[in-house]
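> Need coordinates for the following:
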Amino acid sequence: MMRAEQRKQEAVETAADLALRRLKGERGGDAARFLRQFYDHVPPEDIVGRSSDELYGAALSLWRFAETRPGGRAKLRVINPRLEEHGWRSSRTVIEIVNDDMPFLVDTVTAALAEMAIEVLLVIHPVLDLRRADDGRALELPDGP
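Okay, here's the model as predicted:
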């Protein structure tokens with residue numbers, strides 16, 4: 001098991017390095033920190049085998065979507081990621097939700113999808129301490145785990 005976890009960490013670090021190189025400066029540091037926290041609780045089997053570009057692109061897509069959000073209001077989008085539009089591609093439909101921490105939200109959404117006979121293949125549910133300005137702009141993502 002340790003080997004799989006090590007391979008996961010290596011894959012995530014390679015993707016975080018992409019963020020640092022491609023975005024540079026503080027923006028790259030914020031994106032790399034987000035990427036590490038985003039994948040922190042994802043099982044190794046859902047990470048290992050994916051390219052660093054895919055890991056980077058998926059995380060950065062959500063990071064950019066989450067950059068601005070008024071407090072107390074959820075943001076939701078359903079996308080079929082395309083490289084030219086979202087910076088990454090997937091053959092699957094992706095649901096992105098950005099909101100204040102709400103107990104049972106993930107379970108409720110997953111149950112609603114199951115009720116519609118929609119198979120959920122992967123759930124990534126980071127709870128992050130993202131500090132925002134009064135207008136909803138992301139200000140700071142402190143170091144996580």
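> Looking at this protein, which helix is longest?
helix 2-23 (DSSP state H).
> what comes up buried for it?
Residues Lys8, Ala11, Val12, Ala15, Ala16, Leu18, Ala19, Leu20, Leu23 are the ones in helix 2-23 that count as buried (16 or more other C-beta atoms under 10 Å). Every C-beta, even on glycine, is put in place using the N, C-alpha and C of the backbone.
> ok, the one helix or strand in the chain whose mean pLDDT sits lowest: who's next to it in the sheet?
When each helix and strand of the chain is scored by mean pLDDT, DSSP states H and E, strand 138-140 comes last, with a mean of 85. The strands beside strand 138-140 in its sheet (DSSP bridges) come out as strand 131-132 (antiparallel).
> what's near enough to touch the residue nearest to the spatial centre of the chain?
Centroid-nearest residue in the chain: Ala59, 4.0 Å away (criterion: C-alpha atoms, centre = their mean). When contacts are counted by C-beta atoms under 8 Å, 6 or more residues apart in numbering, Ala59 touches Ala15, Ala19, Ala31, Phe34, Leu35, Phe38, Tyr39.
> what kind of secondary structure is the fourth one in?
Think Phe34. helix (DSSP: H, G, I helix; E, B strand; the rest coil).
> That one - how many residues pack around it?
23 (other C-beta atoms under 10 Å).
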